[in-house]
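*Asks:* would you be able to build a 3D model of this:
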Amino acid sequence: MPSNVEIKASIVSLSDFKKKAKELSRTEGEELIQEDVFFNVPNGRLKLRTIKDVKSELIFYDRPDQEGPKHSEFYTTPIDHPSSFKETLGRAVGVKGILRKVRTLYMVGQTRVHVDQVEGLGDFMELEVQMQDGQSIEEGQKIADDLMGKLGVSKKDLISVAYMDLLLKKQSKASQE
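*Replies:* Down below sits the predicted model:
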């Protein structure tokens with residue numbers, strides 16, 4: 001089963017962060033326009049991710065809500081007809097929410113560095129250290145911590161929950177005002 005060690009944080013300066021990510025990856029990055037439809041499930045998170053002009057896949061993952069590096073296990077299934085799949089699954093279990101973002105992806109070694117501009121939330125970064133066979137979670141956490149330092153990410157900027165959780169909290173707060 002695939003797994004990774006992940007860190008999420010808000011970004012103070014989008015341009016500064018992208019510059020550092022470009023330098024570390026030695027690439028311009030790849031821009032991906034994504035829509036994640038989250039479904040109501042009893043455990044973990046289930047989302048249909050559609051990347052414009054690229055692909056769609058159903059992703060189930062489970063990880064703790066904590067700041068700093070966290071281990072995540074995930075399963076993916078390619079989806080050929082995302083619109084009808086979204087409709088069917090939405091009717092069966094309900095849609096929790098929809099998240100839209102522009103993601104710039106940089107690869108640094110075995111780590112996916114994401115620069116995310118999330119609609120309705122702002123700018124974030126995400127590190128996903130893709131665990132290799134036989135590699136310990138501690139090794140993945142060390143890689144993530146080291147890269148976090150090189151990218152200038154401060155512990156005060158770390159977030160412990162998924163973007164969807166942040167968006168739902170913001171929407172709930174706005175509806176109560």
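*Asks:* other SSEs contacting the one helix or strand in the chain whose mean pLDDT sits lowest?
*Replies:* Lowest by mean pLDDT, DSSP states H and E among the helices and strands of the chain is strand 70-78, with a mean of 87. Packed against strand 70-78 by the contact rule (3 or more C-beta pairs under 8 Å, 6 or more residues apart in numbering; DSSP states H and E) you find strand 3-10, strand 55-62. From N, CA and C alone the C-beta is placed, and that goes for glycine too.
*Asks:* by mean pLDDT, show me the worst of the ones you listed.
*Replies:* If you rank the helices and strands packed on strand 70-78 by mean pLDDT, strand 3-10 sits at the bottom with a mean of 91.
*Asks:* the helix or strand following that one to strand 3-10, inter-axis angle?
*Replies:* Next in sequence after strand 3-10, counting helices and strands by DSSP states H and E, comes helix 14-25. On the basis of axes from the mean of the first three to the mean of the last three C-alpha atoms, to 10 degrees, helix 14-25 is oriented at 150 degrees to strand 3-10.
*Asks:* quick check: which of the helices and strands packed on strand 70-78 is buried the most?
*Replies:* Across the helices and strands packed on strand 70-78, averaging neighbours per residue (mean count of other C-beta atoms under 10 Å) puts strand 3-10 on top, at a mean of 22.
*Asks:* can you show me the CA trace of that strand as PDB?
*Replies:* The C-alpha trace of strand 3-10 is given here as PDB (Å, rounded to 0.1, in the frame of the first residue of the first chain):
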ATOM      1  CA  SER A   3       2.200   5.800   1.900                       C
ATOM      2  CA  ASN A   4       3.800   9.200   2.400                       C
ATOM      3  CA  VAL A   5       4.900  11.600   5.100                       C
ATOM      4  CA  GLU A   6       3.200  14.900   4.700                       C
ATOM      5  CA  ILE A   7       3.500  18.500   6.000                       C
ATOM      6  CA  LYS A   8       1.100  21.400   5.200                       C
ATOM      7  CA  ALA A   9       1.600  25.000   6.000                       C
ATOM      8  CA  SER A  10       0.400  28.400   5.000                       C
END
